[in-house]
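Peer 1: Let me see the structure of the following:
(chains A and B)
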Number of protein chains: 2
Amino acid sequence: MYWEREFETLERNKLRSLQLERLKRTVKQAIQSPFYKELYQRKGISADRLRHVEAIRELPFTTKQDLREHFPYGFLSLPKRDIIRLHSSSGTTGNPTVIFHNRHDISSWANLMARSLYCAGVRDTDVFQNICGYGLFTGGLGFQYGIERLGCLSIPAGAGNSLRQIKLMQDYGTTAIHAIPSYLGRLYEVFQAEGLDPRKDTDLRLFVIGAEPHTEEQRQRIEDMFGVKAYNSFGLSEMNGPGVAFECTEQAGLHIWEDAFLIEIIDPETLEPVPDGEFGELVMTTLDREAMPLIRYRTRDITRIIPGVCACGRTHARLDRITGRSDDMFIVKGCNVFPMQIEGVLLKVPEVGSDYLITLERINGVDEMIVEVEVKKDWFNGDIARLDRLSKFITHQIRDEVLTKPIVRLVEPGSIPKSAGKAVRVLDKRVFDSVKL
Amino acid sequence: MYWEREFETLERNKLRSLQLERLKRTVKQAIQSPFYKELYQRKGISADRLRHVEAIRELPFTTKQDLREHFPYGFLSLPKRDIIRLHSSSGTTGNPTVIFHNRHDISSWANLMARSLYCAGVRDTDVFQNICGYGLFTGGLGFQYGIERLGCLSIPAGAGNSLRQIKLMQDYGTTAIHAIPSYLGRLYEVFQAEGLDPRKDTDLRLFVIGAEPHTEEQRQRIEDMFGVKAYNSFGLSEMNGPGVAFECTEQAGLHIWEDAFLIEIIDPETLEPVPDGEFGELVMTTLDREAMPLIRYRTRDITRIIPGVCACGRTHARLDRITGRSDDMFIVKGCNVFPMQIEGVLLKVPEVGSDYLITLERINGVDEMIVEVEVKKDWFNGDIARLDRLSKFITHQIRDEVLTKPIVRLVEPGSIPKSAGKAVRVLDKRVFDSVKL
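Peer 2: Model prediction:
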C-alpha cells in the first residue's frame, strides 16, 4: 500500500528526529551559497545551534523577492559543474526565478513523485498519459521522471491536440492521466463531438489534477464525466514542482512529504506560528535538496494542517485546500492582479479613504473580484446618484489598470474589518485545491 | 577523451565477439515477441545457430510495414508491466509506429546519448540548452536524459520563442545547443534584429544539429554565423531516436555505436551486402534493447561506411552522410511525397510510358523535384508545343496530388537508365547529414 513504508508511516517522533538531522545538513549546505552565507554570518547562525526542529523559528525567512534579487546564482550551494538541470519561470522581462538541481535532487524529486502517484493509487500496471507541457514547466519532466520511477508505461503526450490525445488513450489503453482540470472539460467535449463516451470507450480509471485553481465541484464534475477518481496534486516550482503534497485514496487532504519538506503555518502578519489546525501561510524548508536548499521559504499560499490521523496510515501531515495567498498576486478571469495596482488607482481618487479590501468570490461559476472601498463619511448623505457615479468611475479606472472589471462597493469608514489588517488586502473566497505549480 | 574508453576503443575482433554475444541475447529476447516468435518458429531460426556475426544474414529483414501491421504490441518482447515509456509517431490517421522501452532501455539510451555528446566535445562543465520539442518526439527526452547523464547543466528550453531562447542563453551562459539546422538560421536573424552578435554576446561554443536534412554548406554557414563548431547527429525513432551515430571532434563521419547496433550496408534491390566502403541501405539490429529488439531493420537510409581508422581512436565504424533513402517517402519543400502518388498520376495519362525517375536536387539553395517521364516515341516528331502542353498538364496533376510543383521533363523511351531499376524511382542528389530523427 506504500511506495516507501519506512518513510511514509514513520512515527511522528522519529519523523521529527529525521527532520532535525536533515535540517542541520540543509543549513550546512545552504551556507555554501552566497545568499545564506552572507545572511547567516551576519546573524551568527550555524547548524549547531539547532537542537530541535522548532529552533528553525530563529532563522530568517526567504522570499521570492530574495530569489529575484540574487538571480541567477545567489542561492546556488554547489559548484556550477555539479548542477544537471534548471527550471525557470517564463517571461522575457525582469528577473525570473530559477531552481537548480544536482543529480541527487533530480533523483529525490523523481522518488517523491513516484511516492505521490503511488499514494493516489497509481501502480506499475498503469498506462499513464502525461498531458502537460514539457520543457521548463515542471509538470512535464517532473511527472515523467516520477511515472518512470514508479514503473508505469509513460506516454509523454505533451499538451494540446485533443484528437491525438484520445487516439493515444485508445491505442495504448491509457488508464491514468495527469492534466490541468480546465483542460479535462475541453477534452470531454471532444470525446462527445467524436461520438465517444470516455466511460465506455477508454480504460481510464484515475486522474491527477493540479497546477490550476479548481473547486471540489469541478473535481466532482470531472469524476462524473469520465467515470474516474480524480486526485489533487500540489506543488510549486520553488519546491521542485509537483510532488510536494498529494491526495491519497482517502481524498481527505494532501499528504505533504515531511521527510523532504519541513512545514510551518504562520500568521502572515505577525509571522508567528498559528495554533494547530488553523489557517495561515505555508512556509517550507527543503530537507533533501543539495544544489539549492531554501530555508523558511514563504510560499504565500494560505492553507492549514488538517488535524487528526489519516485512515491510510501515512503519518505525514495533510494540507487542506489552498484557500488563497498572502501576497500580492492573484489570478482572476485569467488576469494577474497585484493589489498595488488597485491601491495605485484608489490613491488617485481623493474622495476615497486608504482602506480597501479585495474579495475574490466564485459567483454562479464565474470568478468575481469585489473591491470594497471606504469613502469619507459625508458621502453617505443620501445622494445615491453621486455615490453611483463615484463607484462607476473607480470601476473603470481599475478595469483599465488590471484588464478585468471589478465589482466596486463603496462603504462607510470603519466598515472594513481591521482584523484583515494592513498586510492582507485580498480575501480569496474561491475554494482552490492548488493555486500554482 | 572518451566517455567509455573500454567500449569506444575496443579492438575490432573483441567488438565482433561482443556483438555476437549480444546478438544471441537479442534473438533470444526477440523470440518472446509475437511477431518474431511466429516468424522464427516458421523459419526454424534460433539463437544457437548464430556462430558468428555474419550469420545474421540468414535472418529475415524487418520493415516499417511489419511494425505498422503488428501495431501496437506485436514486437513487444516483455510483459507490458515492465515497460516504462513509449515513443510513437504523430498523426491521427492510420497505424503509427511505436517503440517501447523498459528501464534498461531508457538507461542504455541515456548512456549512448552521453557518449555521443562527449564524443562531440561536450563536457560536464557545459551549459546545454536543448532547443527542441519534448513529449513524444524523441529529440526532447532523448537529449534531456543524455545531457543529465553526462552531467551538463541542462536547460530544457523546448522549441520556439527565439527571444526567450536568447534570454536563457544570456542568463545562464549557455555554451552548447541542440537544434535543427533550419532553426539556427532563424535564431541568428533574431540575434541581429536585437542588435546582438552571438559571437560576442553569448558563451556559445558548440552546436549539435540533426533531425533534418542539411548540407555541409549549411553547417559551415551556421558555424560562421555563431562562431561555434557544429556536429552532426544521426538517429531514427525505431533505433530509440538520437544517439545512434554522432560526429567526433574530427568531423570526419559519424561514429555509429556498434556495441549497441549491428550494422549492415546492403544493396536495396538484391538485398546482398555491398563491398566495404560502397553506398547502400543501412540495416540495423539492436544489440542492447530488451523491450523491443529489432533485427535487421531496414532503415531505408542510403549511406556507406567510411573506410579507414578515425584519428580520434574510436574503433566504431563511421557512417558517411545519408545521401538519400531507398524507400518510397521523401520530403521536398516541406511536403512528404511517396513515389506511388507520382506513379498514380502518370498511370492516368495514356500518352506516357511506365518509366519515370524522380530526382531531387538543390538548385540555387532551393530543393527541386525533377520528374523525368518517358513518352511514346511518336511524340518526338518536332511538335514542341504539343510536348509543352503535355508537360504542363502532368505538372499540374502532380502538384494537385503532392502539393508541391515539380519540374517535369519529357524524355524519349529508353532515356531513363535501367540501372536505377524498378525499385529505385527516386534519386536524391541533395546532400544530407541526416534525413530523419
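Peer 1: Okay, buried residues for stretch A:275-289 please.
Peer 2: Neighbour-count burial for stretch A:275-289, with 16 or more other C-beta atoms under 10 Å in any protein chain shown as criterion, is recorded at A:280-289. In short, each C-beta sits where N, CA and C put it, glycine included.
Peer 1: just the strands in the stretch 151-300 of chain A please.
Peer 2: A:153-155, A:176-179, A:206-209, A:229-236, A:241-247, A:254-256, A:261-266, A:280-286, A:297-303 (DSSP state E, counting those that start in this stretch).
Peer 1: Which of those sits closest to residue A:430?
Peer 2: Of all the strands of the stretch 151-300 of chain A, it is strand A:297-303 that lies closest to residue A:430, at 11.8 Å by C-beta to C-beta.
Peer 1: Check which helices and strands the closest one is in contact with.
Peer 2: strand A:280-286, strand A:324-325 (3 or more C-beta pairs under 8 Å, 6 or more residues apart in numbering or on different chains; DSSP states H and E).
Peer 1: quick one, phi/psi of residue A:88?
Peer 2: phi -130, psi 160 (degrees, to the nearest 10).
Peer 1: May I ask you to confirm that it is in contact with residue A:135?
Peer 2: No: here residue A:88 does not reach residue A:135: they are 10.6 Å apart, not a contact under C-beta atoms under 8 Å.
Peer 1: Pick out whichever of the two has more residues nearby.
Peer 2: residue A:135 (25 against 22; other C-beta atoms under 10 Å in any protein chain shown).
Peer 1: which ones are touching the residue lying closest to the more buried one once chain neighbours are set aside?
Peer 2: Leaving aside its sequence neighbours, residue A:135 sits nearest to residue B:158 (C-beta to C-beta, 6 or more residues apart in numbering or on different chains; 3.1 Å). When contacts are counted by C-beta atoms under 8 Å, 6 or more residues apart in numbering or on different chains, residue B:158 is found next to A:133-136, B:130-134, B:140.
Peer 1: Need the residues you listed in CSV (columns: pLDDT, distance to residue A:169 and secondary structure).
Peer 2: Shown next, in CSV, are these (pLDDT from 0 to 100; distance: C-beta to C-beta, whole Å; DSSP: H, G, I helix; E, B strand; the rest coil):
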residue, pLDDT, distance to residue A:169, secondary structure
A:133, 88, 18, coil
A:134, 91, 18, coil
A:135, 91, 23, coil
A:136, 91, 26, coil
B:130, 98, 28, strand
B:131, 96, 29, coil
B:132, 90, 25, coil
B:133, 88, 21, coil
B:134, 91, 20, coil
B:140, 95, 21, helix
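Peer 1: Considering the residues you listed, which is situated nearest to residue A:231?
Peer 2: Residue A:231 has its nearest neighbour among the contacts of residue B:158 in residue A:133, at 20.2 Å by C-beta to C-beta.
Peer 1: Was I right to think the closest one contacts residue A:159?
Peer 2: Yes: counting by C-beta under 8 Å, residue A:159 is a contact partner of residue A:133 at 4.6 Å.
Peer 1: Give me the below-cutoff pLDDT ranges for chain A.
Peer 2: When residues are selected by pLDDT under 70, those of chain A lie in A:90-94, A:328, A:334-336, A:354, A:365, A:418-424, A:431-437.
Peer 1: looking at this, residue A:405 is in a helix?
Peer 2: No: using DSSP: H, G, I helix; E, B strand; the rest coil, the secondary structure at residue A:405 is coil, not a helix.
Peer 1: What distance do you get for it to chain B?
Peer 2: 31 Å (C-beta to the nearest C-beta, to the nearest Å).
Peer 1: ok, and the closest non-adjacent residue to that residue?
Peer 2: The nearest residue in space to residue A:405 (C-beta to C-beta, 6+ apart) is residue A:399, at 4.6 Å.
Peer 1: Next, count neighbours for that neighbour.
Peer 2: 14.
Peer 1: Can you work out which other helices and strands pack against the strand or helix carrying it?
Peer 2: Residue A:399 belongs to helix A:384-402 when elements are defined using DSSP states H and E. With contacts defined as 3+ C-beta pairs under 8 Å, 6+ apart, helix A:384-402 has these neighbours: helix A:339-347, strand A:366-375, strand A:407-411.
Peer 1: do that again at 10 Å, thanks
Peer 2: Secondary structure elements in contact with helix A:384-402, counted by 3 or more C-beta pairs under 10 Å, 6 or more residues apart in numbering or on different chains; DSSP states H and E, are strand A:335-337, helix A:339-347, strand A:352-363, strand A:366-375, strand A:407-411.
Peer 1: Would you point to the one among those that's packed deepest?
Peer 2: Per residue and on average, the most neighbours among these fall to strand A:366-375, with a mean of 19 (mean count of other C-beta atoms under 10 Å in any protein chain shown).
Peer 1: which residues sit in contact with residue A:319?
Peer 2: Residues in contact with residue A:319 (C-beta atoms under 10 Å, 6 or more residues apart in numbering or on different chains) are A:232, A:234, A:244-247, A:253-256, A:263, A:265, A:282, A:301, A:303-306, A:433-434.
Peer 1: now it, nearest residue through space, not along the chain?
Peer 2: Residue A:319's closest residue in space is residue A:254 (C-beta to C-beta, 6+ apart), at 4.6 Å.
Peer 1: and residue A:331, what are its bridge partners?
Peer 2: residue A:336 (DSSP bridges).
Peer 1: Can you get me a residue count around it?
Peer 2: Neighbour number of residue A:331 under other C-beta under 10 Å is 18.
Peer 1: give me every residue that touches it.
Peer 2: So residue A:331 contacts A:212-213, A:325, A:337, A:360, A:367, A:404, A:428, A:430, A:435-436 (C-beta under 10 Å, 6+ apart).
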